[in-house]
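Visitor: Kindly return the folded structure for what I paste below:
(one chain, ligands or ions: 4)
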Amino acid sequence: KELGRNQYQFYKELPRRKDGEKNLALETGLRYALERGELEVYYQPKVEVDSGRCYAAEALLRWRRPGHGLVSPGQFIPLAEESGLIVEIGEWLLRTVCLQIAQWRDAGLDMAVAVNLSPHQFRQKNLLERIDAILEATGTDRSRLEFEITESTMMHDPQQAVDTVRRLKSRGLALSIDDFGTGYSSLSYLKLFPVDYLKIDRSFVQDIDAQQADPRIVRAIIALAHSLDIRVVAEGVETAGQFEFLKRHQCDLIQGYFFGPPMPADELMERARPGRPS
Ligand code: C2E
Ligand code: CA
Ligand code: CA
Ligand code: CA
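Guide: Ligands and ions are numbered 1, 2, ... in the order given. The predicted structure follows:
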């Protein structure tokens with residue numbers, strides 16, 4: 001019996017427990033990461049297709065975890081989300097971004113920054129009040145702050161999402177639908193969401209390959225967005241071929257390694273500084 005149980009554990013529980021231990025260590029580490037100042041914000045340029053100008057930046061979290069190097073958010077955001085830590089982390093990030101906007105402004109760079117809102121954050125009852133409090137405390141110009149919400153987050157409860165989106169908009173904050181094309185939204189919903197930008201998911205951009213690309217899906221998304229006065233951002237643009245394709249099909253903004261990876265604030269300023277050729 002003893003052996004049977006051990007065998008069971010070996011086959012069934014051990015892997016799971018290992019996973020659990022890893023998660024617990026990660027969660028404990030993450031809890032302290034905030035206090036110890038191990039979290040950082042990187043910024044990735046959003047470039048205007050026509051002018052080549054760095055139009056705005058997206059704030060992306062990084063965790064400089066001792067002994068592990070720079071940990072990407074894919075590895076800890078889901079856990080932060082599960083444990084609820086995302087709320088505290090999100091507030092720290094928003095405060096950090098607001099202070100950065102002011103610092104850039106003082107240095108002569110007028111830059112808007114987009115912040116990602118997780119499903120948990122998006123559903124928070126007092127989200128608007130928390131955002132207002134941080135904007136006020138940091139004296140941030142709200143026209144410089146934007147939020148990105150994924151299509152699947154919005155589609156989780158479309159009625160409530162429409163309401164939250166409208167309230168954010170009425171506060172003068174710009175909004176993007178993130179990862180568009182992956183969330184199975186009925187296209188008719190799009191006109192209910194008063195968003196400013198639609199971000200075409202990287203998977204569609206990857207499919208673009210100068211010769212055999214089927215331009216129909218990307219072209220249809222762009223046309224639909226434009227007919228609703230929504231500007232289109234393509235994410236994950238890595239090659240000149242992808243860029244040319246998107247430019248030809250009237251995409252408004254481009255984000256991706258082709259123009260620049262997420263980078264520390266100082267580097268972004270060097271790149272975006274007016275007068276510097278990009
Ligand atoms: P996302 O919002 O879709 O962000 C874009 C991701 O694509 C980023 O990954 C970025 O580094 C990566 N990327 C940008 N250009 C390229 C490219 O040309 N090629 C490729 N292969 N990748 C590119 P990252 O920084 O690892 O972030 C992953 C996800 O984590 C984000 O996806 C976002 O959903 C989430 N995340 C990041 N920061 C935050 C945050 O502060 N709050 C919340 N709630 N989520 C965040
Ligand atoms: Ca995003
Ligand atoms: Ca995205
Ligand atoms: Ca994506």
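Visitor: Please make it C-alpha for all contacts and neighbour counts, starting now.
Guide: OK.
Visitor: ok, which stretches of the stretch 1-150 of the chain are helices?
Guide: Counting by DSSP state H, counting those that start in this stretch, one finds helices in the stretch 1-150 of the chain at the ranges 2-8, 14-35, 73-83, 85-106, 119-123, 127-138.
Visitor: and of the ones you listed, who's closest to ligand 3?
Guide: Closest to ligand 3 of the helices of the stretch 1-150 of the chain is helix 73-83 (CA to the ion; 12.0 Å).
Visitor: pretty sure Phe180 contacts Thr150?
Guide: Yes - applying CA atoms under 8 Å as the test, Phe180 and Thr150 come out as touching, 7.1 Å apart.
Visitor: between the lengthiest strand in the chain and helix 14-35, how many degrees?
Guide: Determined from DSSP state E, the single longest strand within the chain is strand 54-65. With axes from the mean of the first three to the mean of the last three CA atoms, to 10 degrees applied, the angle from strand 54-65 to helix 14-35 works out at 120 degrees.
Visitor: what angle do strand 54-65 and helix 85-106 make?
Guide: Counting by the same axes, to 10 degrees, strand 54-65 lies at 130 degrees to helix 85-106.
Visitor: Return the set of buried residues in strand 54-65.
Guide: Cys54, Tyr55, Ala56, Ala57, Glu58, Ala59, Leu60, Leu61, Arg62, Trp63, Arg64 (16 or more other CA atoms under 10 Å).
Visitor: before we move on, what about stretch 130-143?
Guide: Buried-residue list, stretch 130-143, by 16+ other CA under 10 Å: Ile131, Ile134, Leu135, Thr138, Thr140, Arg142.
Visitor: One more: stretch 153-172?
Guide: Buried positions in stretch 153-172, judged by neighbour count with 16+ other CA under 10 Å: Thr153, Met154, Met155, Pro158, Ala161, Val162, Thr164, Val165, Arg166, Leu168, Lys169.
Visitor: Check what pLDDT the second one gets.
Guide: In the predicted model, Met154 carries a pLDDT score of 92.
Visitor: quick one: contacts for it?
Guide: Residues in contact with Met154 (CA atoms under 8 Å, 6 or more residues apart in numbering) are Ala161, Val162.
Visitor: And the buried residues of strand 54-65, which two are furthest apart?
Guide: Farthest pair in these (CA to CA) is Tyr55 and Arg64. Separation: 27.6 Å.
Visitor: tell me which of the buried residues of strand 54-65 is nearest to ligand 3?
Guide: Distance to ligand 3, by CA to the ion, is smallest for Glu58 among those, at 9.7 Å.
Visitor: Please name the bridge partners of the residue nearest to the closest one when sequence neighbours are not counted.
Guide: Nearest residue to Glu58 in three dimensions, chain neighbours excluded: Ala114, at 4.6 Å (CA to CA, 6 or more residues apart in numbering). Per DSSP bridges, the residues bridged to Ala114 are Glu58, Glu146.
Visitor: how much space between Ala114 and ligand 1?
Guide: Distance, Ala114 to ligand 1, by CA to the nearest ligand atom, to the nearest Å: 9 Å.
Visitor: Equivalent analysis for Leu117, please.
Guide: Per CA to the nearest ligand atom, Leu117 is found 4 Å from ligand 1.
Visitor: State the number of residues packed around Val218.
Guide: 22 (other CA atoms under 10 Å).
Visitor: Regarding it, which helix or strand does it belong to?
Guide: Using DSSP states H and E, the element containing Val218 is helix 216-227.
Visitor: Return the set of buried residues in that helix.
Guide: Val218, Arg219, Ile221, Ile222, Ala223, Leu224, Ala225, His226.
Visitor: Skip ahead from it and say which helix or strand is next.
Guide: Moving toward the C-terminus from helix 216-227, the next helix or strand (DSSP H and E) is strand 231-234.
Visitor: mind checking how far that following strand is from the chain centre?
Guide: Remark: strand 231-234 is offset 14 Å from the chain centroid, using CA atoms, centre = their mean, to the nearest Å.
Visitor: Within the sheet, what are the partner strands of it, with directions?
Guide: In the sheet, strand 231-234 lines up against strand 197-200 (parallel), strand 253-254 (parallel) (DSSP bridges).
Visitor: okay if I get those as a markdown table plus distance to Glu244?
Guide: Output for these, formatted as a markdown table (distance: least, CA to CA, whole Å):
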| stretch | distance to Glu244 |
| --- | --- |
| strand 197-200 | 16 |
| strand 253-254 | 11 |
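Visitor: All set, thanks.
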